[in-house]
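Asks: Mind folding the following:
(one chain, ligands or ions: 1)
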Amino acid sequence: MYLSEYLSKNCEDTSLNKVIINLSIAANKISKVIRNLNNDINIKGVSKTKNFDGDIQKPLDILSDEMLMELMRNAPVSGYASEEQEGFVDLKNDHDLIVIADPLDGSSNIDVNVSIGTIFSIMSQNNLPLEHAFLQKGSKQKAAGFFVYGPQITLFLTFGKGTIAFGLDENKSEFILINDKIKIPKSTSEFAINASYSRFWDKATSNYIKDCQEGKDGPKGKDFGMRWVGSLVADASRIFNRGGIFLYPSDKRLKNKQGRLRLTYEANPLAMLIKEAGGKATNGIKDILDVEVEDIHQRSPLIFGSSEEVEEFIYYSKNL
Ligand code: P6P
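Replies: Down below sits the predicted model:
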């Protein structure tokens with residue numbers, strides 16, 4: 001079943017459906033630019049520009065953001081925000097839905113041909129002025145998803161009725177249904193963390209990872225494996241497919257005091273998808289979807305995945 005058919009059968013909000021379809025059209029275009037190595041975008045080079053946060057923007061970051069925004073202008077969307085935009089963009093219409101996106105997450109992996117992706121979060125303005133609508137908690141999301149530009153091009157999507165997976169049929173340029181009810185295994189023996197930062201970790205993370213590494217002879221009583229792609233959508237895609245626990249905690253470095261990942265266009269959409277697939281997502285203390293949003297680019301610690309393992313981590317956080 002194609003994405004458009006699935007949505008018309010399962011999601012009665014026609015405006016939401018149109019936004020999701022336009023996001024899939026944008027993703028299709030972005031994937032073609034990424035794969036088309038002889039394009040005039042020098043993906044090996046970096047642009048001269050930096051985003052407001054001082055990150056050097058790769059040409060594809062900028063192009064992806066422009067493509068997304070163009071498709072959102074042609075959808076029932078009243079406002080757009082993204083990692084590449086300093087503030088939100090008022091699309092000057094009286095539609096109700098707003099979209100927050102990470103247009104090209106993992107772009108540091110572009111040069112080395114590792115899977116990257118586009119993450120999105122869709123909310124209603126809920127009769128709020130735009131400057132407040134973009135600061136609603138993750139629990140207010142109407143839909144969320146991410147595209148993975150990898151060996152396959154996939155879409156993980158939720159609009160509150162479970163988490164669904166689609167794959168791109170490149171011949172037809174259509175996303176087709178792969179799995180209409182993803183269920184993340186409750187337990188796991190695989191963790192994902194950038195272990196090079198262990199000297200900066202808080203006590204809970206250090207204790208938890210140490211116990212995982214002690215394996216079956218340690219307190220957890222089983223051996224663990226580790227994966228770290230360094231691309232959120234790639235690590236998340238693995239966890240949706242076979243379970244696991246992903247940890248990007250806050251650490252002692254000033255720039256990571258609140259973690260590295262962004263709440264509104266990384267943690268919140270992932271948390272909705274994970275919850276709808278039977279997993280859990282936390283900042284170590286509370287459910288990500290309940291975290292107050294003060295700024296579109298606010299960072300947050302993010303631990304998500306198999307519910308029993310995330311609950312274990314929360315226990316470590318609360319019982320130091
Ligand atoms: P580190 C990619 O730049 C990203 O934002 C996420 O996609 C990924 O999970 C994380 O950063 C990787 O961070 O510190 O391991 O490079």
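
Asks: Helices of the stretch 1-150 of the chain, residue ranges please.
Replies: Ranges of helices within the stretch 1-150 of the chain are 3-10, 14-35, 59-73, 130-133, based on DSSP state H, counting those that start in this stretch.

Asks: Out of the ones you listed, the one nearest the ligand is which?
Replies: Evaluated with Cβ to the nearest ligand atom, the helices of the stretch 1-150 of the chain place helix 59-73 nearest to the ligand, the distance being 10.6 Å. Any C-beta I mention is one placed from the backbone N, CA and C, and that applies to glycine too.

Asks: what mean pLDDT does the closest one have?
Replies: The predicted model assigns helix 59-73 a mean pLDDT of 94.

Asks: does any bit of it sit next to the ligand?
Replies: No. Shown here: helix 59-73 not in contact with the ligand (Cβ under 6 Å from any ligand atom), separated by at least 10.6 Å.

Asks: Check which residues of that helix are buried.
Replies: P59, L60, D61, I62, L63, S64, D65, M67, L68, M69, L71, M72 (16 or more other Cβ atoms under 10 Å).

Asks: sorry, back to before: to N268, which of the helices of the stretch 1-150 of the chain lies closest?
Replies: N268 lies closest, by Cβ to Cβ, to one member of these: helix 130-133, at 13.7 Å.

Asks: now what about that closest one, what contacts it?
Replies: For helix 130-133, contacts defined as Cβ atoms under 8 Å, 6 or more residues apart in numbering pick out S78, G79, F88, D90, I98, M123, S124, Q125, N126.

Asks: The third one and S82 touch, don't they?
Replies: No. When contacts are counted by Cβ atoms under 8 Å, F88 is not listed as touching S82 (9.0 Å).

Asks: For these two, indicate the residue with more neighbours.
Replies: Set F88 next to S82 and count neighbours by other Cβ atoms under 10 Å: S82 wins out with 28 against 20.

Asks: How about the more buried one: what's its closest non-neighbour residue?
Replies: Spatial nearest neighbour of S82, excluding adjacent residues (Cβ to Cβ, 6 or more residues apart in numbering): A101 at 4.6 Å.

Asks: Residue ranges in the stretch 151-300 of the chain under the pLDDT threshold?
Replies: Filtered on pLDDT under 70, the stretch 151-300 of the chain yields no residues whatsoever.

Asks: got the residues of it near the ligand?
Replies: N194, G230, S231, L232, R260.

Asks: picking up where we left off before, tabulate the contacts of helix 130-133 (CSV), appending distance to the ligand and pLDDT.
Replies: Listed next are the contacts of helix 130-133 as CSV, based on distance: Cβ to the nearest ligand atom, whole Å; pLDDT from 0 to 100:
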residue, distance to the ligand, pLDDT
S78, 27, 98
G79, 23, 98
F88, 20, 97
D90, 27, 98
I98, 22, 98
M123, 22, 98
S124, 27, 98
Q125, 27, 98
N126, 28, 98
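
Asks: Closest to I176 out of those?
Replies: M123 (27.1 Å).

Asks: residues near the closest one, how many?
Replies: Using other Cβ under 10 Å, M123 has 24 neighbouring residues.

Asks: wait, it sits on K140?
Replies: Yes. M123 lies in contact with K140 (Cβ under 8 Å); the separation is 5.4 Å.

Asks: ranges for the strands of the chain?
Replies: All strands of the chain, identified by DSSP state E, fall at 77-82, 89-90, 97-105, 116-124, 141-149, 153-158, 163-169, 174-179, 190-192, 225-226, 245-248, 280-282, 302-305.
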